[in-house]
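Asker: Next comes the sequence, and after it the predicted model I'd like to discuss.
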Amino acid sequence: MKSTRSSLLTVTGIAGILLLSACGGQSSPTADASSTSASASASSPASDSSEETEVSTPTTRVALSYDGGIMIVDGRTMEMVDTVEKDGFLRLSQAGDNRHLAVANGNSYSLLDMGHWGQAHGDHSHYYSAKPTLSDWIWDSEETSHVISDNGKTAFFSDGSGSFEVVDPLTLTGDDKKTAAKDSIETKTVTLPEPHHGFAIPLPDDQYMVAVGNEDQRTGAAIVDENGKTVTKNNQCPGVHGEAIVANNTFTVGCEDGVLIYKNGEFTKVQAEESYARLGNQAGSHDSPIVLADYKTDKEAELERPEQFSLVNTETDSIQKVQLPEGVSYTFRSIARGPEGEALLLTTDGKLRAYDEETGEELASVDLMNSWTESEVWQEPRPAIWVQDDTAYVTDPATKKLHAVSLANIANGSMEDFAQLELPETPNEINGVSARDGVAPEAEGDEHDH
């Protein structure tokens, strides 16, 4: 564990200060409005020990991977909490219990206890904070891949073996309120016929939605039982990649010529207009039937920088293309959903844009950073976004900054970049947790291009 390094909190402008005071809800950043800037504390808000401390206010904790570890930020105060050291290129995923993140380094999974959680108690909740800790044990994996939570389970996929481990996320914390010992967490292994770059979405009745394919190609999606036996499948989805969980127990899978929708026990293929149209990165919401997805149409491109995106309506089984301004693109790390289902895109002109999920109309935008270009090396840092309630947390690797953006007034045509934190390291991936009435949220989409 590495000690916290000093950081700078900047509240941008008088309007930002006023908004900061107005947005002091449980997951919005707050600051002293008497000054436009303040130095972040150099020590963790929690005790130096791993023992928990009861706190009066729930908060959000944001995790940011970098080359050498993970930075943890308090999303309410926008102050550094701690830095955890870990070698390797690190991927961050929700573990499903609203307390832990799954940390993948290519050949193993470990658990990062973010050190903040809520515990329901009758008609109210209690909130606790502790020092963030990385589990001292790992789950070995042959090529770590997607981690997806739904229906009270979390599935950790391994591309190299074509298998996945299933856990109950509520067992990730032990009786001592710390990350559970490895041998106390019951896991079940489900093995598919062949290794492939894949995923597993936990469904009701001990079933899972998975990709169909092998190391050479992926052709569709299937529903399998807890023993890996196929219940039903659809092979009309070439180049399967990306998935999303949406309202009404409905799920989508990206194809290279459209999308597969699974609902009411059946697959439906929605064909794109073009013969090649890859919708391989998706962001869904449990509260909406519409999925935000990318839309790539150049089959020969080594790296396509799309200037359009798509909105997939799972009720009407349709795909709507939305055009961006000429020369403006985005990446797999820069799509998310707003508090009312808005489609959010971080675009290469330095803006965060919000679109109506039903009409595709641009509702608001805000300038956050200078223009940027997507690297051809997908592992390299690029602007990324993670949303909690009505706050979007956005990284700017070029300046090593974390932005907090209010999404509360999108309907009125505005978003506000009201707080910025200078980070000690260059951020790459972003994810987080928030103590919301002790209830563990479940993953709603996948922005995972590899």
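Answerer: The structure has been received and is ready for your questions. As the structure is a computational prediction, the values presented were derived from the model and not from experiment.
Asker: Which residues are in contact with S110?
Answerer: Contact partners of S110, counting by C-beta atoms under 8 Å, 6 or more residues apart in numbering, are 86, 102-103, 134-135, 137-139. Quick note: C-beta positions are derived from backbone N, CA and C, even for glycine.
Asker: And these, which of them are buried?
Answerer: Using 16 or more other C-beta atoms under 10 Å as the burial test, the contacts of S110 include 102-103, 134-135, 138-139 as buried.
Asker: Of all pairs in the residues you listed, which one spans the longest distance?
Answerer: Using C-beta to C-beta, the buried ones among the contacts of S110 span at most 13.3 Å, a distance reached by L134 and W139.
Asker: Run a quick neighbour tally on the closest residue to G162 other than its chain neighbours.
Answerer: Spatial nearest neighbour of G162, excluding adjacent residues (C-beta to C-beta, 6 or more residues apart in numbering): P195 at 3.8 Å. Counted with other C-beta atoms under 10 Å, residues neighbouring P195 total 18.
Asker: And P195, how close does it get to N107?
Answerer: Using C-beta to C-beta, to the nearest Å, we find P195 at a distance of 14 Å from N107.
Asker: so what's S406 bridging to?
Answerer: S406 forms beta bridges with T391, E416, as assigned by DSSP bridges.
Asker: residues near it, how many?
Answerer: Other residues close to S406 by other C-beta under 10 Å number 23.
Asker: right, and it touches Y393 too?
Answerer: No: using C-beta atoms under 8 Å, S406 is not in contact with Y393, being 11.4 Å away.
Asker: so where's this protein uncertain?
Answerer: 1-50, 436-450 (pLDDT under 70).
Asker: centroid residue for it?
Answerer: N431 (5.4 Å; C-alpha atoms, centre = their mean).
Asker: Only alpha carbons, please: show the helix or strand where it lies as CSV.
Answerer: Per DSSP states H and E: N431 is located in strand 430-434. Extracted in CSV, the C-alpha atoms of strand 430-434 (Å, rounded to 0.1, in the frame of the first residue of the first chain):
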residue,chain,number,x,y,z
ILE,A,430,-12.5,4.4,-14.2
ASN,A,431,-15.2,2.7,-12.0
GLY,A,432,-16.6,3.1,-8.6
VAL,A,433,-19.2,2.3,-5.9
SER,A,434,-21.7,4.3,-3.9
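Asker: name the helices or strands packed onto it?
Answerer: Counting contacts by 3 or more C-beta pairs under 8 Å, 6 or more residues apart in numbering; DSSP states H and E, strand 430-434 packs against strand 60-66, strand 91-94, strand 100-104, strand 385-388, strand 391-396.
Asker: So in that sheet, which strands flank the fourth one, and in what orientation?
Answerer: The one in question is strand 385-388. Strand pairing (DSSP bridges) places strand 385-388 next to strand 391-396 (antiparallel).
Asker: Just want the angle from the strand it pairs with to strand 60-66.
Answerer: When axes from the mean of the first three to the mean of the last three C-alpha atoms, to 10 degrees is applied, the directions of strand 391-396 and strand 60-66 differ by 20 degrees.
Asker: can you pull out the strands in the stretch 251-400 of the chain?
Answerer: Counting by DSSP state E, counting those that start in this stretch, one finds strands in the stretch 251-400 of the chain at the ranges 258-263, 266-271, 282-283, 290-294, 308-313, 318-323, 335-337, 343-346, 351-355, 362-367, 385-388, 391-396.
Asker: Tell me which of the ones you listed sits most buried.
Answerer: Of those, the one with the most neighbours on average (mean count of other C-beta atoms under 10 Å) is strand 290-294, at a mean of 28.
Asker: Which secondary structure elements does that one sit against?
Answerer: Strand 290-294 packs on strand 243-246, strand 250-254, strand 282-283, strand 308-313, strand 335-337, going by 3+ C-beta pairs under 8 Å, 6+ apart.
Asker: G75: which of the ones you listed is closest?
Answerer: Here strand 335-337 is closest among the helices and strands packed on strand 290-294 (C-beta to C-beta), at 14.6 Å.
Asker: Identify the residues contacting the closest one?
Answerer: 281-285, 288, 292-294, 309, 343-346, 357, 385-387, 392, 444-445, 447.
Asker: ok, now with 10 Å
Answerer: With contact meaning C-beta atoms under 10 Å, 6 or more residues apart in numbering, strand 335-337 is reached by 244, 281-285, 287-288, 290-294, 309, 342-346, 352, 354, 357, 384-387, 392-394, 407, 444-445, 447.
Asker: so which of the helices and strands packed on strand 430-434 gets nearest I223?
Answerer: I223 lies closest, by C-beta to C-beta, to one member of the helices and strands packed on strand 430-434: strand 91-94, at 22.2 Å.
Asker: Sheet-wise, list the partners of that closest one with their directions.
Answerer: Strand 91-94 sits in its sheet next to strand 100-104 (antiparallel), going by DSSP bridges.
Asker: and the next element down the chain from the partner strand?
Answerer: Defined by DSSP H and E, the subsequent element after strand 100-104 is strand 108-113.
Asker: Name the residues of the helix or strand just after that following strand that are buried.
Answerer: Proceeding N to C from strand 108-113, the next assigned helix or strand is strand 116-121, under DSSP H and E. Residues of strand 116-121 classed as buried: 116-118 (neighbour count, 16+ other C-beta under 10 Å).
Asker: same check, this time on stretch 411-420
Answerer: For stretch 411-420, using 16+ other C-beta under 10 Å, the buried residues are 414-420.
Asker: Columns distance to V322 on top of the helices and strands packed on strand 430-434, output as CSV?
Answerer: Putting the helices and strands packed on strand 430-434 into CSV (distance: least, C-beta to C-beta, whole Å) gives the following:
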stretch, distance to V322
strand 60-66, 28
strand 91-94, 27
strand 100-104, 31
strand 385-388, 17
strand 391-396, 19
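Asker: out of the ones you listed, nearest to N234?
Answerer: Closest of the helices and strands packed on strand 430-434 to N234 is strand 91-94, at 25.7 Å (criterion: C-beta to C-beta).
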